[in-house]
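[1] how would this look folded up:
(chains A and B)
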Amino acid sequence: MKQERVGIIGIGQSAFTAQRDDASYPDLVREAVVLAMADAKLDLEQVEGIVYSLSPDAMVGIGNAERLGVDAVGARNKRFLRINTGGATGISSVISAYYHVASGACDVVLTAGADKVGECGDSQTVLNKIWDPTYERQLPLGTINMLAMSAVRYMEKYGMTEEDMAYVTVKNRRHASLNPNAHLRKLVSVEDVLSSRCISWPVKLMDCCPQSSGGAAMVLASERYIRENHLDAVWITGLAHCAETYWLGDRMASSVEADHADAFALGRAFDRAYRMAGIDDPKTQIDVAELYAPFSNTEFHSIEAARLCGLGEAPKLVRQGYFELGGKVPVNPSGGTLCTNAIAVTAMVRAAEVALQVWGRAGGHQAAGAKRGVASGNGGDHQIFGTMVIEA
Amino acid sequence: MTTELLRRKENWSITYNHALGETASWFYVQIRDNAKIYGRRCAETGKVLVPPRAFSDTTLKPTTDWVEVGPGGTITGFTVVYEPFNGLPDPPYAFGYVQLDGADTSIGGYFKGVDLTDAKDAAKELRIGRRVMTRFADKRIGDVLDFHFEPV
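    Numbering: from 1, shown residues only, chains lettered A, B, ... in the order given. Reported below is the predicted structural model:
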């Protein structure tokens, strides 16, 4: 007998902004839950389990803030657990919700979370603390500096230029201008990006994601439940994780399997998800992608890890409009992580946006005719990756 | 509801006293007392891990012996920082990773002796593959910051 599928039946997300002074942290979680439950046309009583999406505590400034979230997600007397895989947290939470249903443990599972990175205002201080206190904390490591070094290696390996990077920002801002939930929605030019102030060479201000606040939630259900209750759904047909070594210096040496220029383990995670979904030629079989890329340069190696083009080919194809809305395979039609980064739910929004695309419900940033899409999330020091294939 | 929206300020200040363990302690004592950098070799693969670890992540076996590496090395990754961050040095500064001679992996450190006024010029000086020399501080406490790298 064919294994029962798991469907996505409800999606909720905030209109992300820098600050939400009108809402406490649990208020923001609640906002997304209410939207997702209304979208699913279900009541909270029908939810049997909740996967709580929350990355490092210090970003919201509340130790184990999932405790505060229990009430906001209606978890009293229910299955409840928190997931934290750093930047990948959101997609890992959807993956955990999937397994709750696929295992037969639950028919209906909610995953939800929120972040208020804008209140922290200093995410790099928090992110410096993810490095080992023995050998690396003393160094000025943060996610910007870490991924600036990825850019430097990608430049060396494939000839990427700062101008190539700027084209990613220009594309994603154009997409974000069509998405009312995106945080940075102002159009920018290549010149604007190149003349924005240098943060960590070659990464400039407009090559960076913002610090966003907002919530996201998704409702997943078993195929049987969906059919019996005549619900509308899109289907998760492939999903995977893959990790690689913590040590950045092991990915930057004369002979390395997983080069820090690329996203080697992300590629492995995509291969696993594609195998599960029966996809053998992603270049022609994927209609749309939402790939976790908080800095412009990291969209290139994410596109290549998703096997949407060969290694080193992404910069040229971005310039040609191949990955734009209206192009062959729109990448980050929502504007992506580059335009909105509420870290605890960013990778969940990737999955939610792909679901909306294949559902045909993405509104102004709909990719025409999209039936099958992929989402990804990156966490740790570019180290823990989650991937998902979603189909109509 | 219409109301004036308020905020509360919070500051987290926690002091940790991290034990470094046998492997890192031995490594740092050599840096402090002898101005020498060592890696740990995995007997099965022959790979020399710098910074040294008690076990290999590929074989999961304990590393077996100490191997002196450097002081020469090659830049494998770098960035030049122009933005101030809380708790980090005043910009500009350059740092990144160097594969010391005899090592199979790279260790992080600051780059000094490079004019950082212009990012593009600095990036040409600090290109991947550029040879560097390890320079030790006169006064050493047993830490990664006891040394830095300079292009040669």
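
[2] chain center to stretch A:222-232, what's the gap?
    27 Å (C-alpha atoms, centre = their mean, to the nearest Å).

[3] give me the mean pLDDT for it.
    For stretch A:222-232, mean pLDDT rounds to 97.

[4] again, but for stretch B:21-34
    In the prediction, stretch B:21-34 has an average pLDDT of 98.

[5] buried ones in it?
    B:Thr23, B:Ala24, B:Phe27, B:Tyr28, B:Gln30, B:Ile31 (16 or more other C-beta atoms under 10 Å in any protein chain shown). (Glycine included, C-beta is placed from N, CA and C.)

[6] now swap in stretch A:98-105 and tell me
    Under 16+ other C-beta under 10 Å, the buried positions of stretch A:98-105 are A:Tyr98, A:His100, A:Val101, A:Ala102.

[7] where in the chain is pLDDT low?
    No chain specified, so I'll use chain A. Residues of chain A that meet the criterion pLDDT under 70 lie in A:1-2.

[8] out of the buried residues of stretch A:98-105, the closest to chain B would be?
    A:Tyr98 (28.8 Å; C-beta to the nearest C-beta).

[9] the stretch 201-350 of chain A: helices as residue ranges?
    A:223-228, A:264-277, A:282-285, A:296-305, A:314-319, A:343-359 (DSSP state H, counting those that start in this stretch).

[10] turn those into a markdown table, including distance to A:Lys204 and mean neighbour count.
    Output for the helices of the stretch 201-350 of chain A, formatted as a markdown table (distance: least, C-beta to C-beta, whole Å; neighbours: other C-beta atoms under 10 Å in any protein chain shown):
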| stretch | distance to A:Lys204 | mean neighbour count |
| --- | --- | --- |
| helix A:223-228 | 46 | 16 |
| helix A:264-277 | 24 | 22 |
| helix A:282-285 | 31 | 15 |
| helix A:296-305 | 9 | 28 |
| helix A:314-319 | 16 | 21 |
| helix A:343-359 | 21 | 30 |
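
[11] of all those helices, which lies closest to A:Asp115?
    Closest approach to A:Asp115 among the helices of the stretch 201-350 of chain A (C-beta to C-beta): helix A:343-359, 3.9 Å.

[12] switch the helices of the stretch 201-350 of chain A over to TSV; also include distance to A:Val374.
    Putting the helices of the stretch 201-350 of chain A into TSV (distance: least, C-beta to C-beta, whole Å) gives the following:
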stretch	distance to A:Val374
helix A:223-228	21
helix A:264-277	7
helix A:282-285	8
helix A:296-305	10
helix A:314-319	15
helix A:343-359	7
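
[13] and those helices: which comes nearest chain B?
    Using C-beta to the nearest C-beta, those put helix A:296-305 closest to chain B, at 11.6 Å.

[14] for the stretch 1-150 of chain A, what lies in contact range of chain B?
    Proximity of the stretch 1-150 of chain A to chain B (C-beta under 8 Å from any C-beta of the partner chain) is limited to residues A:21-22, A:58, A:61, A:122, A:124-125, A:128, A:133-136, A:138-142, A:144-145, A:148-149.

[15] pairing partners for the helix or strand hosting A:Ala112, with directions?
    Per DSSP states H and E, A:Ala112 falls inside strand A:108-116. Its sheet considered, strand A:108-116 pairs with strand A:49-53 (parallel), strand A:213-222 (antiparallel) by DSSP bridges.

[16] just give me how far that strand sits from the chain centre.
    For strand A:108-116, the distance to the chain centre is 14 Å (C-alpha atoms, centre = their mean).

[17] can I get that strand in CSV? Just the C-alpha atoms.
    What follows is strand A:108-116 as a C-alpha-only set of coordinates in CSV (Å, rounded to 0.1, in the frame of the first residue of the first chain):
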residue,chain,number,x,y,z
VAL,A,108,-3.6,17.4,12.7
VAL,A,109,-0.4,19.3,13.9
LEU,A,110,0.3,23.0,14.2
THR,A,111,3.8,24.5,14.0
ALA,A,112,4.2,28.1,15.0
GLY,A,113,6.6,30.7,16.3
ALA,A,114,7.7,34.3,16.1
ASP,A,115,10.8,36.5,16.5
LYS,A,116,11.5,40.0,17.5
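
[18] can you pull the contacts of the spatially most central residue of chain A?
    Ranked by distance to the mean C-alpha position of chain A (C-alpha atoms, centre = their mean), the top residue is A:Ala347 at 2.4 Å. Going by C-beta atoms under 8 Å, 6 or more residues apart in numbering or on different chains, A:Ala347 touches A:87-92, A:292, A:375-379, A:386.

[19] quick check: bridge partners of the residue lying closest to it once chain neighbours are set aside?
    Nearest non-adjacent residue to A:Ala347, counting by C-beta to C-beta, 6 or more residues apart in numbering or on different chains: A:Gly377, 2.8 Å away. Beta-bridge partners recorded for A:Gly377 (DSSP bridges): A:Gly386.
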